[in-house]
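# structure for the following, please:
(one chain, ligands or ions: 1)
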Amino acid sequence: MTVLSKFRALRDEHAAVAAAGRDPFGVSFDAVLSATEAVLGGRRILLLGTNNYLGLTFDPDCIEAAAAAVQDQGTGTTGSRIANGTYDGHAALEGRLAAFLKRRSAMVYTTGYQANLGALSTIAGKGDHLLLDADSHASIYDGARLGHAQVTRFRHNDPDDLRRRLRILSSQPGEKLIVAEGIYSMLGDTAPLREMVEVKREAGAWLLVDEAHSLGVLGESGRGLAEAEGVEGDVDFVVGTFSKSLGAIGGFLASDLDGFDALRLSARPYMFTASLPPAVIASVMQAIEVLEARPELRDRLRRNGQHLHEGLAAAGFALGAMPGPIISLAMPDRETAVMFWNGLLAEGVYSNLALGPATPGGKPLLRMSVSAALTPAQIDTAVNAITRTGYAMGLLSVPLAAE
Ligand code: PMP
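Residues are numbered from 1 along each chain as shown. Take a look at the predicted model:
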């Protein structure tokens, strides 16, 4: 027995998953060729499981900005934002983000995960209440655990359940902060923000929306679901990440509320970690320019999502959410899910295998996501590969021969 013996069951489970073919949780690309292609095991594959929604990881202007910054300012800051880790680029990016989001203030974190840790653990303090959607991302749950507010979960995307729970809490003192996500990462569904805003107003609560998957994706200007739904005035805090549509790494919190800067002296995941390196700051700064200057990328992303959705629906797959950048296929069981993921990879298509407890209801999923950088021909290739795999796994019935 060692201190790691408690992981035996997890190790056994993982070994069983990995034994079915390639280890889905240990993929290491030999090379990444572009936003849509990589080399894995010596084979060229199509990337249909990234968060590279606008395809900006290889944008030449972002690369040039990052290269210039690393030359000029070095590889890292070696310090926290509140010590030696704030350069003029960090402050400039915060100003740029605030302007883009039409918010008074923004603070940049080293990851989106940390942005949620920092926001949830400080905005709602001791004696306050956090109301979390049951399908919230791990960073939201972890942020709640890091802080001292009382946590109440409401049923996923269910404003009536939220209302019920806020009524139960109405006699209790303390502020109430509701947390929702623009697009949920596992199923690709969006939050019913307009109804949630009504509930928020009735209860005198506050609202934080994590636009991690919807920034640069939804809304006329790419500000996210709140913009698309016309409710930005009722969203008190916006969280987002640079690791998806902006093609880099990092996260942010933005708001219009007075006193925002106090969070810089109280959010531990902001204070006690090193800040983003200059190359990342420069690349994100440039990516925001691209996002604003090229709305056609969002249109292409939308068309690509629709194309994949229509192709899979026509093949006979039952699809849950409306067409969007994320499409997940519900798998009947873990074994089929692992076999499907391997089968699809053998067809030359990389997707994401998602297993419980990280998925809604713990159900196995094959998660796919599109990028604006995918061509229609690549999406057709993917649909054909997924369809062939679906037949091979017995998930699609054999089509009747044409008479
Ligand atoms: N929020 C949500 C909803 C996410 O899906 C993710 C990442 N998957 C994050 C936050 C964390 O983002 P990051 O990768 O920047 O840590």
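# for residue 107, give its distance to residue 94.
Distance, residue 107 to residue 94, by C-beta to C-beta, to the nearest Å: 6 Å. Heads up, the C-betas are built off the backbone N, CA and C, glycines and all.
# hmm, I was thinking of residue 103
10 Å.
# cool, and residue 88?
Taking C-beta to C-beta, one finds residue 88 at 11 Å from residue 94.
# repeat that for residue 59.
22 Å.
# neighbour count: those two, which is higher?
residue 59 (23 against 18; other C-beta atoms under 10 Å).
# residues in contact with the residue of the stretch 51-200 of the chain found nearest the ligand?
Of all residues in the stretch 51-200 of the chain, residue 112 sits closest to the ligand, at 2.6 Å by C-beta to the nearest ligand atom. Contacts for residue 112 (C-beta atoms under 8 Å, 6 or more residues apart in numbering) come out as 139, 210, 212, 239, 240, 241, 242, 243, 250, 251.
# please list all residues in contact with the third one.
In this case it means residue 212. So residue 212 contacts 112, 137, 181, 182, 183, 185, 239, 240, 241, 244 (C-beta under 8 Å, 6+ apart).
# ok, which stretches of the stretch 1-150 of the chain are strands?
Along the stretch 1-150 of the chain, the segments classed as strands by DSSP state E, counting those that start in this stretch run 31-32, 37-40, 43-47, 105-109, 129-133, 150-154.
# dump these into JSON lines; add mean pLDDT, distance to residue 353 and mean neighbour count as well.
Listed next are the strands of the stretch 1-150 of the chain as JSON lines, based on pLDDT from 0 to 100; distance: least, C-beta to C-beta, whole Å; neighbours: other C-beta atoms under 10 Å:
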{"stretch": "strand 31-32", "mean pLDDT": "98", "distance to residue 353": "19", "mean neighbour count": "12"}
{"stretch": "strand 37-40", "mean pLDDT": "98", "distance to residue 353": "14", "mean neighbour count": "17"}
{"stretch": "strand 43-47", "mean pLDDT": "98", "distance to residue 353": "14", "mean neighbour count": "17"}
{"stretch": "strand 105-109", "mean pLDDT": "98", "distance to residue 353": "28", "mean neighbour count": "23"}
{"stretch": "strand 129-133", "mean pLDDT": "98", "distance to residue 353": "23", "mean neighbour count": "23"}
{"stretch": "strand 150-154", "mean pLDDT": "98", "distance to residue 353": "26", "mean neighbour count": "18"}
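# in TSV, list the ones you listed along with distance to the ligand.
Below are the strands of the stretch 1-150 of the chain laid out as TSV (distance: least, C-beta to the nearest ligand atom, whole Å):
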stretch	distance to the ligand
strand 31-32	17
strand 37-40	19
strand 43-47	16
strand 105-109	8
strand 129-133	10
strand 150-154	16
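# export those to CSV and tack on distance to residue 123?
Shown next, in CSV, are the strands of the stretch 1-150 of the chain (distance: least, C-beta to C-beta, whole Å):
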stretch, distance to residue 123
strand 31-32, 37
strand 37-40, 39
strand 43-47, 36
strand 105-109, 12
strand 129-133, 9
strand 150-154, 13
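# which residues sit in contact with the nearest residue to the residue of the stretch 51-200 of the chain closest to the ligand once chain neighbours are set aside?
Leaving aside its chain neighbours, residue 112 sits nearest to residue 241 (3.0 Å; criterion: C-beta to C-beta, 6 or more residues apart in numbering). Applying C-beta under 8 Å, 6+ apart, we find residue 241 in contact with 111, 112, 115, 212, 215, 250, 251, 252.
# for these, which one is nearest residue 281?
residue 250 (7.9 Å; C-beta to C-beta).
# distance of that closest one from residue 89?
For residue 250 relative to residue 89 (C-beta to C-beta), the value is 12 Å.
# shared neighbours of the two, anything?
In contact with both residue 250 and residue 89: residue 281, using C-beta under 8 Å, 6+ apart.
# quick check: buried residues in the helix or strand residue 283 falls within?
Following DSSP states H and E, one finds residue 283 within helix 278-293. Neighbour-count burial for helix 278-293, counted by 16 or more other C-beta atoms under 10 Å, picks out 278-291.
# show me what that helix is packed up against.
helix 60-73, helix 88-101 (3 or more C-beta pairs under 8 Å, 6 or more residues apart in numbering; DSSP states H and E).
# looking at those helices, which is buried most?
helix 88-101 (a mean of 18; mean count of other C-beta atoms under 10 Å).
# alpha carbons of that helix, as PDB, please.
Below are the C-alpha coordinates for helix 88-101, written out as PDB (Å, rounded to 0.1, in the frame of the first residue of the first chain):
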ATOM      1  CA  ASP A  88       2.200  47.500 -19.800                       C
ATOM      2  CA  GLY A  89       0.700  44.800 -22.100                       C
ATOM      3  CA  HIS A  90      -1.300  43.300 -19.300                       C
ATOM      4  CA  ALA A  91      -3.000  46.600 -18.500                       C
ATOM      5  CA  ALA A  92      -3.400  47.400 -22.200                       C
ATOM      6  CA  LEU A  93      -5.100  44.100 -22.800                       C
ATOM      7  CA  GLU A  94      -7.400  44.700 -19.900                       C
ATOM      8  CA  GLY A  95      -8.300  48.100 -21.400                       C
ATOM      9  CA  ARG A  96      -8.800  46.500 -24.900                       C
ATOM     10  CA  LEU A  97     -11.000  43.700 -23.500                       C
ATOM     11  CA  ALA A  98     -13.100  46.200 -21.500                       C
ATOM     12  CA  ALA A  99     -13.600  48.300 -24.600                       C
ATOM     13  CA  PHE A 100     -14.500  45.200 -26.700                       C
ATOM     14  CA  LEU A 101     -16.900  43.900 -24.200                       C
END
